[in-house]
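Participant: sequence and predicted structure below; questions after.
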Amino acid sequence: MARLAIIPARGGSKRIPRKNIKSFLGRPMIAYAIENALESGLFDEVMVSTDDQEIASIAKDYGASVPFMRSLENSNDFAGTFEVIEEVILEYRKLNRFFEETCCIYPCTPLLQIKDLTVAYHTLIEDHYYSVYPIVSYSTPIQRALKVSEEKLEYINPEHRFTRSQDLEKSYYDSGQFYWMKIDPIIQQKGIFTDNTGYIILDELFVQDIDNETDWKLAELKYKLLKA
């Protein structure tokens, strides 16, 4: 079984300019995703999909391949992750290179653990899923979420105002770190989330969205804590 790691990293990040190659504790952010993919030993190829020559150059310096550049169509603010993955798969097929499984690893994931990549891969294979998501449990019940309406506070689900936390169904969110997939089913279903998608649960210590400067500082603090 040939396996491909795809790291999607376009150049047009808006909220944190040049986020994918900005220095994170002394190294370009994308270096962490590339090195984890390479060191995992799970992949026959680790590639970066980008429209940006500087990102491509840095990716190659850290050992990834960039066999082609991403199309303009899939480099704008509205391009979805599945469309990027599909484009990569089809471009490899033009080069007569075929893979059975792929893992999309986002470029801003310095807290990613190789053991989680490995566990998710075995879950994909042994439990016969089409794709596997790493998810994280919400720390508080979302059924008791609040909203502001006409300058007053309201429960979104008032029927759960007095429900005990332990009696509410547990909820999870996508960690946004990576997705394992079997290529044929996801191409057929035109999406990463399929009718046969599994999961692994991550500890929130190993997860941090990085969308603004505060997120960035929190990621650095967590990284230092994990390495201490």
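Facilitator: The structure has been received and is ready for your questions.

Participant: ramachandran coordinates for Ala219?
Facilitator: Backbone geometry at Ala219, expressed as degrees, to the nearest 10, gives phi -60, psi -40.

Participant: can you show me the strands along the chain?
Facilitator: Along the chain, counting by DSSP state E, strands occupy 3-8, 23-24, 27-28, 45-49, 101-105, 131-137, 146-149, 152-155, 172-174, 178-182, 197-202.

Participant: to Ile16, which of these lies closest?
Facilitator: Counting by C-beta to C-beta, Ile16 lies closest to strand 23-24 out of these; the figure is 10.7 Å. C-beta here means a position set from N, CA and C on the backbone, and glycine is covered the same way.

Participant: strand partners (parallel or antiparallel) of that closest one?
Facilitator: Each strand that pairs with strand 23-24, with its direction, by DSSP bridges: strand 27-28 (antiparallel).

Participant: show me how far the strand it pairs with is from its chain's centre.
Facilitator: 18 Å (C-alpha atoms, centre = their mean, to the nearest Å).

Participant: repeat that for stretch 117-133.
Facilitator: 15 Å.

Participant: mind listing what's buried along that stretch?
Facilitator: Within stretch 117-133, the residues scored as buried using 16 or more other C-beta atoms under 10 Å are 117, 120-121, 123-124, 129-133.

Participant: got it, and stretch 210-225?
Facilitator: 210, 216, 219, 222-223.

Participant: who touches that stretch?
Facilitator: Here stretch 210-225 makes contact (C-beta atoms under 8 Å, 6 or more residues apart in numbering) with 15-16, 19, 24-25, 108, 110-111, 205-206, 208-209.

Participant: thinking again about what came up before, just put the buried residues of stretch 210-225 in JSON lines and tack on distance to Asp174.
Facilitator: Supplementary listing: the buried residues of stretch 210-225 in JSON lines, determined by distance: C-beta to C-beta, whole Å:
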{"residue": "Ile210", "distance to Asp174": "15"}
{"residue": "Trp216", "distance to Asp174": "20"}
{"residue": "Ala219", "distance to Asp174": "17"}
{"residue": "Lys222", "distance to Asp174": "18"}
{"residue": "Tyr223", "distance to Asp174": "21"}
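
Participant: out of those, flag the one nearest to Arg164.
Facilitator: For the buried residues of stretch 210-225, the closest approach to Arg164 (C-beta to C-beta) belongs to Lys222, at 30.7 Å.
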